[in-house]
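Asker: Mind folding the following:
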Amino acid sequence: MLATSYVTIKYVRAESGMTREFKVAIKARLARVVGMYKLSLLILRKSFTYLVILATILSVITSGLNTRYENNLVVIRDPSITNTTHTILVRFSTPVIIGDCSTLLGDLSLEGNCTYFYRAVLDQPYQLEKSKKLIYVMIGVEDKILKDLGIDRELSEYSFVYSEVLGEFMTDFILVNNKRIEITLIYVNNNLLRNYTIFYKTPLIPTQGYVGVEPVIVPLQHVLISTYENVMRILGSEEPLVTDVVITNLSKPPDPVRFFELLETRYPVTEVAAAGDGHVTYISETRIPTPDSLISAILSSVTASIIIISVFSSTMPYLTELRSKISFMGFQPWAITIIIVGYTLTSIMFPGLITLVYVFVSMGGASTLNSMVTLIISWFASTTYIILRIKPEKLVTETYMPPTPRYVLMTSVTDIKKLVELIIKLIRTNEFFTTEEVEWKIEGDEAFIHAKMNYVDSWGSGIDLTIFINVASEGTYINISSTVFGVEEVSETMSRSINALAVSRIVGGVKAWEATF
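Answerer: Next up is the predicted model:
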């Protein structure tokens, strides 16, 4: 027990210095982080920040207002499409009650045949009682589509085509909105159903996504197919609804753009596709900016960048002095870069993103894309400019040099090597400072020590010590020059306190050591 206590005491005493140094180091790191944070706030409080924010908001809104857009148009070349007639697919975002096909085609002076489809993914699935299967997709089709799927018989009321039937047909109950309905399920070939398309590479079963260019359809066990009448009975709709229309045997090549523009004034159309003569053309509701609009966005970006850079140009003396100050107090060069990037993110990107939300809500997605181009270019150009301008042009630069107090100490110790080692130890173990750097050189009877120290109890403040030691016949002279620095103006009282804490440690330590020498 006594041995264990003895070892513990010895260990604590041995490690106490390391513990203190660890606490001081942590405190110094936190002080530096807080220092960078307060530096950022210091810049943000400057009046020129409001000009930067105003220029950013105006440029983003202007870019959105100048946006001109068009529907997304994609053309796919496919030599396998050899039909001389043309086909059109119309897809709606929500089920609609569409009028007579002849009226629809008459507005475009076209002749053809219309085939209607109801293909919907249910918000709440229905459940088959016996098989416990969930039905997520209901598809209503015309009789000719059922014949293409191998269903020759006419479907009676509440009869549905289903791929998971054992035998030719079976009965089951479906739960629809807590209502139990008896239905007849008729078998359909899985491969035939899976590979059936209503248009160029567009399967009858709704797609969940794509692997490359290949569609991934909803699993067949979750799909019921029947006539419009039966599907509408299940849904409780009095009018026949459609989600897709396929127009075939068109007498002449259609104009998909004009067709889309005509439809979107009446229906929630999401896509129009036309196939024929070796190519397929898709036009969707997705809006994209025109080339002229993108050029306008770039010009807006240039204008905004010029305005913001002009504001930054007037602040270069202040920012350059700030860089010099934090460099003098021991911050690495990347510190000012982080501060500047944080400043531009806060003053340009943050208000810009808020403005983008406004543009999106009031002007739409295409205007938002244009405004985003303007915002990114403005931020990148301004940040690059300010970082390059405040970088020092040469290795040796002028820095802020406050008044330098001097202190001369004389000691009888003439062993200059031991004296230098003692002073370095006193500097490094000063609990009020963290040592940024210490360098020394001994030449015969003379020595030089330079130390840069950060004050742990105040962010952005510290002291720079220059110590000359000269051994003469009457004793050793120690000349201590100190410079207190700070990112912001250091008061006279604070400067005296920092100087006293640093110099008194050296003077007291040397005198105490001299008494025991």
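Asker: who's in contact with the strand or helix carrying Glu229?
Answerer: Using DSSP states H and E, Glu229 falls within helix 228-235. Counting by CB atoms under 8 Å, 6 or more residues apart in numbering, helix 228-235 makes contact with 116, 118, 126, 138-142, 155, 157-160, 174, 176, 181, 238-241, all of which sit outside it. For the C-beta atoms, the positions are set from N, CA and C on the backbone; glycine is no exception.
Asker: Stretch 410-421 now?
Answerer: Residues from elsewhere that reach stretch 410-421 (CB under 8 Å, 6+ apart): 440, 442, 445-447, 449, 469, 471, 475-478, 510-511, 513-514, 517.
Asker: Next, the buried residues of it.
Answerer: The neighbour-count criterion (16 or more other CB atoms under 10 Å) identifies 411, 413, 416, 419-420 as the buried residues of stretch 410-421.
Asker: And it, how far out from the chain middle?
Answerer: Put simply, stretch 410-421 sits 59 Å off its chain's centre (CA atoms, centre = their mean, to the nearest Å).
Asker: Stretch 340-359 too?
Answerer: Distance, centroid of stretch 340-359 to centroid of chain: 13 Å (CA atoms, centre = their mean).
Asker: Need the distance between the two termini of that stretch.
Answerer: Length of stretch 340-359, first residue to last, CA to CA, to the nearest Å: 27 Å.
Asker: Report the buried residues of it.
Answerer: 340-344, 346-349, 351-352, 355-356, 359.
Asker: so how far is Ile340 from Val137?
Answerer: Distance, Val137 to Ile340, using CB to CB, to the nearest Å: 55 Å.
Asker: which intervals of the stretch 351-500 of the chain have sub-threshold pLDDT?
Answerer: 366, 391-404, 459-460, 487-491 (pLDDT under 70).
Asker: quick one: the helices in it?
Answerer: For the stretch 351-500 of the chain, helices defined by DSSP state H, counting those that start in this stretch occupy the ranges 365-390, 416-428, 492-516.
Asker: Throw these into JSON lines and include distance to Leu65, thanks.
Answerer: As requested, these are exported to JSON lines (distance: least, CB to CB, whole Å):
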{"stretch": "helix 365-390", "distance to Leu65": "7"}
{"stretch": "helix 416-428", "distance to Leu65": "62"}
{"stretch": "helix 492-516", "distance to Leu65": "52"}
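Asker: what ranges do the strands span in the stretch 251-400 of the chain?
Answerer: Using DSSP state E, counting those that start in this stretch, the strands found in the stretch 251-400 of the chain span residues 269-276, 279-289.
Asker: and those strands, which one is worst for confidence?
Answerer: For the strands of the stretch 251-400 of the chain, mean pLDDT drops lowest on strand 279-289, to a mean of 74.
Asker: looking at it, Thr434 is touching Asn454, isn't it?
Answerer: Yes - Thr434 lies in contact with Asn454 (CB atoms under 8 Å); the separation is 5.0 Å.
Asker: what's the angle between the lengthiest strand in the chain and helix 228-235?
Answerer: Assignment by DSSP state E gives strand 113-128 as the longest strand of the chain. Relative orientation of strand 113-128 versus helix 228-235 (axes from the mean of the first three to the mean of the last three CA atoms, to 10 degrees): 40 degrees.
Asker: No further questions, thank you.
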